[in-house]
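Student: Next input, structure requested:
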Amino acid sequence: MAQPFKDKMTEWDEFTGRGKMDFVDNVLDLRSGTIRSRAIFENPSWFLTARVFGQLRLTGREAEVLLILDDAITSDQARKIVMTVNGDNRVEVRTVELGPVIRGLRVVRKGLGIDDRLMFTPVFYLVCHNFADWVRSGR
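Tutor: The predicted structure is shown next:
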């Protein structure tokens, strides 16, 4: 299935054209910062010819995701976990499934909800005192 995109030729100010991406190479040219690709789109006026350069903007699916700081994430063997505070002010461990980093924040795919409260306190503080109030008081 071809990926839709918008194109902008070098001398244009905005992305105006529309087409479908047919092929994307799996190698990034480190010298030029480019990826070889092939696109298919209508060109009835023959404005575009071979070896014309431009930019493509690929469109992706939009999704609402939960983003958290990496400082809240720790590991438990092979699992990634976060500490949350429940309604009784008790600390709970949650296993999370993580995604990529976007603008400095980590995507959480599974394991956390929008209303969950995160702990950023080191684990050794919580071993002896399982109450979040103790951590919040600064002891």
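Student: How is this protein divided into domains?
Tutor: Recorded structural domains for the chain (assignment: automatic domain parsing) are 3-58, 66-136.
Student: Quick one: those domains as a markdown table, columns for mean pLDDT and mean neighbour count too.
Tutor: All C-beta atoms are positioned from the backbone trio N, CA, C, and that covers glycine. Output for the domains of the chain, formatted as a markdown table (pLDDT from 0 to 100; neighbours: other C-beta atoms under 10 Å):
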| stretch | mean pLDDT | mean neighbour count |
| --- | --- | --- |
| domain 3-58 | 74 | 11 |
| domain 66-136 | 81 | 13 |
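Student: nearest residue to residue 119 other than its sequence neighbours?
Tutor: Nearest residue to residue 119 in three dimensions, chain neighbours excluded: residue 83, at 3.7 Å (C-beta to C-beta, 6 or more residues apart in numbering).
Student: And residue 96, by the same measure?
Tutor: Computed as C-beta to C-beta, 6+ apart, the closest residue to residue 96 that is not its neighbour in sequence is residue 111, at 3.5 Å.
Student: Now do the strands in this structure.
Tutor: Listed in chain order, the strands of the chain (DSSP state E) span residues 3-9, 17-29, 34-40, 54-58, 66-68, 73-76, 79-85, 91-102, 105-110, 117-119.
Student: With distance to residue 48 as extra columns, can I get those strands in CSV?
Tutor: Listed next are the strands of the chain as CSV, based on distance: least, C-beta to C-beta, whole Å:
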stretch, distance to residue 48
strand 3-9, 8
strand 17-29, 9
strand 34-40, 10
strand 54-58, 8
strand 66-68, 39
strand 73-76, 47
strand 79-85, 47
strand 91-102, 33
strand 105-110, 37
strand 117-119, 50
